[in-house]
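# need a structure here:
(3 chains)
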Amino acid sequence: MPIFALVDCNNFYVSCEKLFRPDLKHTPVVVLSNNDGCVVARSKEAKALGIKMGVPVFKIRHEIERHGIVTFSSNYAFYADMSQRVMSILEELAPRVEVYSIDEAFLDLTGVEACTSLEGFGQLVKTTVGQWTGVQVCVGIAPTKTLAKLANHGAKSYPATGGVVDLTAKERQRKLMALLPVNEVWGIGGKLKVRLELMGIKTALDLADADPAMIRKRFSVVVEKTVRELNGISCLNLEEAAPTKQEIVCSRSFGERIQDFRVMREAISEYTSRGAEKLRGENRLAKRITVFIRTSPFNQQELQYSNAATLEMITPTDDTTSLVKTAHRGLQSIWKDGYRFAKGGILLSDFYDPKGYQPDLLDDSPDRAKNEKLMQTLDQINHSGLGKVFIAAQGIQKGWSMKRDFLSPAYTTRWSDVPRVK
DNA sequence: TCTGGGGTCCTAGGACCC
DNA sequence: TCTGGGGTCCTAGGACCC
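Numbers count the residues shown, from 1 in each chain, chains lettered A, B, ... in the order given. Next comes the predicted model:
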């Protein structure tokens, strides 16, 4: 029987910010999404004040002032660096690790029991990560990933557990599941919760006791697997190697609404360039690009418009200039004057290996090799810290670029920002 | 006035073929 | 009035995750 552990950092983004701001130790702190739009992480103090996850900042302005809540713009370069430190420790402690997200990892603990108690191992993970990085984690241990997630949830919710829950015993599984609403189960979101509740399935335990065949018929194989996982039958394996990407998205809400075609073209050019850069980083070529724009769905007073265009290139490419040209055609085909656009972006898909694709006989676009050197040079300069080079279509003013009014310094990734001890 | 970004997987349904 | 059936492939859209 396999044993999984889920290690999850507590309030990760906020914890990162607090590491370098000991003065904020007991202060309520929140981290905001891109554009300083919504709350995406909350300190324990902020949670205690009733600040909800995902709430738009403008709705809690009053609370922020009244309670002196400190806000940070999200600083992904910093969080990604801290994440790497945590993950490399986990990789030292456990033989097999799946980095599941920026603040979570699954560990394979099969066989660990022979050497030490599972709970003891969980405590070791927790204290080691805490001492070496300052980041606090909780550990959930169980025979399936879905149960390990629930165990972790238990470890977070009940301080008496000491942040580690071993859920390998069947009775403990059922006891915890009876307490949890069905939408706390990994893979059950708001829509499924409503449909399940109509069938009388209200708790995680109700779902575990449901008939898998019936669930498959009424929902899907995904939910069926969830039911089996809740019963201790492992359906989801540990995925050590990151699977190759199927698509690359670059999209942003604009710092200010866009009403002018030329401005939108700049923004789309910028996202396309970034997408092309990511594509080269993944060592892939894309054959398809989707361009999309939309007004704000939150403002119902306003005229709404949302559209997307998908274009196919003759030959798969990673060349910024030809991708930007294609994106421009796409934008042209969906653009409409008279709207206040709130968001736009591009999606690259239908990927090919640069070494193994079939060139098209009728392709008359310039030889890929010519632009390859140019793209390499572009990436090199942009990664060197010497400055940034970009194509003219991206524009210079960028009034639309995102707001980040409360950004913390790059403590761990930029020499000039490394804190000084006086 | 102001509401994130980047992914995955599955399914239904249309297009197309014989 | 009567208007095949079965298969594959592709895409859009919906659901979920963090």
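# Could you grab the helix/strand/coil label for A:Met82?
Three-state assignment for A:Met82 (DSSP: H, G, I helix; E, B strand; the rest coil): helix.
# Let me see the confidence value for it.
pLDDT recorded at A:Met82 is 97.
# can you tell me which helix or strand the nearest residue to it once chain neighbours are set aside belongs to?
Nearest residue to A:Met82 in three dimensions, chain neighbours excluded: A:Cys16, at 4.9 Å (CB to CB, 6 or more residues apart in numbering). (Each C-beta comes from the backbone N, C-alpha and C, glycine too.) Under the criterion of DSSP states H and E, A:Cys16 resides in helix A:12-19.
# After that helix, which helix or strand is next?
strand A:29-32.
# what's that following strand packed up against?
If contacts are counted by 3 or more CB pairs under 8 Å, 6 or more residues apart in numbering; DSSP states H and E, strand A:29-32 sits against helix A:12-19, strand A:39-42, helix A:44-48, strand A:70-73.
# Run the chain-centre distance for the third one.
Read that as helix A:44-48. 23 Å (CA atoms, centre = their mean, to the nearest Å).
# ok so, going back, can I assume the residue nearest to A:Met82 is in contact with A:Val135?
Yes - A:Cys16 is within contact range of A:Val135, at 7.4 Å (criterion: CB atoms under 8 Å).
# which residues are common contacts for the two?
Taking CB atoms under 8 Å, 6 or more residues apart in numbering as the criterion, A:Cys16 and A:Val135 both touch A:Met82.
# neighbour count winner among those two?
Neighbour tally, A:Cys16 and A:Val135, criterion other CB atoms under 10 Å: the higher count belongs to A:Cys16, 29 against 21.
# For the stretch 251-400 of chain A, which segments are assigned as helices?
A:261-281, A:320-334, A:368-384 (DSSP state H, counting those that start in this stretch).
# contacts for the longest one?
Translated: helix A:261-281. For helix A:261-281, the external contacting residues (CB under 8 Å, 6+ apart) are A:248-252, A:254, A:258, A:285-286, A:289, A:291, A:293, A:318-320, A:323-324, A:327-328, A:331, A:335, A:337, A:341, A:344-348, A:375, A:379, A:382, A:390-391, A:393-395, A:398-400.
# Just the buried ones from the residues you listed?
Among these, those classed as buried by 16 or more other CB atoms under 10 Å are A:248, A:250-252, A:254, A:258, A:285-286, A:289, A:291, A:293, A:318-320, A:323-324, A:327-328, A:331, A:335, A:341, A:344-348, A:375, A:379, A:390, A:393-395, A:400.
# Restrict those residues to those that also contact DNA strand C, please.
Among the buried ones among the contacts of helix A:261-281, no residue lies close to DNA strand C (CB under 7 Å from any atom of the strand).
# ok, for A:Phe390, nearest residue in space, not its chain neighbours?
Nearest to A:Phe390 is A:Ser273, by CB to CB, 6+ apart, at 6.3 Å.
# quick one: low-confidence parts of the stretch 251-400 of chain A?
Counting by pLDDT under 70, the stretch 251-400 of chain A has low-confidence residues at A:357-370, A:385-387.
# go with 80
Along the stretch 251-400 of chain A, the parts satisfying pLDDT under 80 run over A:356-371, A:378, A:380-400.
# Show me which residues of it are close to DNA strand B?
The stretch 251-400 of chain A has residues A:Ser251, A:Arg252, A:Ser253, A:Arg257, A:Lys278, A:Ser296, A:Phe298, A:Asn299, A:Ala342, A:Lys343, A:Gly345 near DNA strand B, with proximity defined as CB under 7 Å from any atom of the strand.
# repeat that with 10 Å
Residues of the stretch 251-400 of chain A found near DNA strand B (CB under 10 Å from any atom of the strand) are A:251-257, A:271, A:274-275, A:278-279, A:281-282, A:295-302, A:340, A:342-349, A:351.
# Could you tell me which of these count as buried?
Buried members of those, counted by 16+ other CB under 10 Å: A:251-255, A:257, A:271, A:274-275, A:278-279, A:295, A:342-348, A:351.
# which ones among the residues you listed are found in strands?
A:251-255, A:257, A:295, A:342-348, A:351 (DSSP state E).
# now, the most widely separated pair of the residues you listed?
Taking CB to CB as the measure, these span a maximum distance of 33.0 Å, between A:Arg257 and A:Phe351.
# distance of the closest residue to DNA strand C within chain A from A:Val223?
Nearest residue of chain A to DNA strand C (CB to the nearest atom of the strand) works out as A:Gly189 at 2.5 Å. Distance from A:Gly189 to A:Val223, counting by CB to CB, to the nearest Å: 11 Å.
# Pick out whichever of these two has more residues nearby.
Neighbours were counted for A:Gly189 and for A:Val223 using other CB under 10 Å; A:Val223 has more, 20 against 9.
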